[in-house]
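Trainee: next comes the sequence, and after it the predicted model I'd like to discuss.
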Amino acid sequence: MKKKFKIILFFGLLILGLVYIFILSGNSLKKHRELNKKMKYIDESIIKAKNQVNNTYTFDELRSDSTLLEKYVREQLNWQKSTEDVYIFVYE
């Protein structure tokens with residue numbers, strides 16, 4: 001009888017502890033889901049912003065204007081003429 005009581009007490013305390021950890025505490029599963037959604041939204045916003053910066057020119061604009069194409073290739077692909085030196089500044 002004592003052994004049965006100890007087992008029931010153990011599982012009861014285990015269930016109470018898990019309920020506290022996953023639902024009642026400040027680091028609950030709900031809070032983690034909210035933070036994961038915010039993080040995903042921010043990551044998507046960063047990707048959209050990078051794509052907007054990288055896609056400054058449309059394909060038709062680049063096809064029709066050779067000076068614009070040369071400017072784009074120099075900026076994005078770091079191409080250079082054989083008679084010039086190019087310095088790339090990386091901001092951190």
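Mentor: Arrived safely.

Trainee: output the lowest mean pLDDT helix or strand found in this protein.
Mentor: One helix or strand of the chain scores below all others by mean pLDDT, DSSP states H and E: helix 59-64, with a mean of 79.

Trainee: all helices for the protein, in order.
Mentor: 2-19, 29-54, 59-64, 66-77 (DSSP state H).

Trainee: can you put the ones you listed in a markdown table and add mean neighbour count?
Mentor: Any C-beta I mention is one placed from the backbone N, CA and C, and that applies to glycine too. Listed next are the helices of the chain as a markdown table, based on neighbours: other CB atoms under 10 Å:
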| stretch | mean neighbour count |
| --- | --- |
| helix 2-19 | 10 |
| helix 29-54 | 10 |
| helix 59-64 | 11 |
| helix 66-77 | 12 |
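
Trainee: switch these over to CSV; also include distance to I88.
Mentor: Formatted as CSV, these follow (distance: least, CB to CB, whole Å):
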stretch, distance to I88
helix 2-19, 54
helix 29-54, 16
helix 59-64, 21
helix 66-77, 10
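
Trainee: and of those helices, who's closest to V86?
Mentor: Across the helices of the chain, V86 has its closest neighbour in helix 66-77 (7.8 Å, CB to CB).

Trainee: how much space separates R63 from L69?
Mentor: 8 Å (CB to CB, to the nearest Å).

Trainee: give me the residues contacting the least confident helix or strand of the chain.
Mentor: Residues from elsewhere that reach helix 59-64 (CB atoms under 8 Å, 6 or more residues apart in numbering): L68, L69, Y72.
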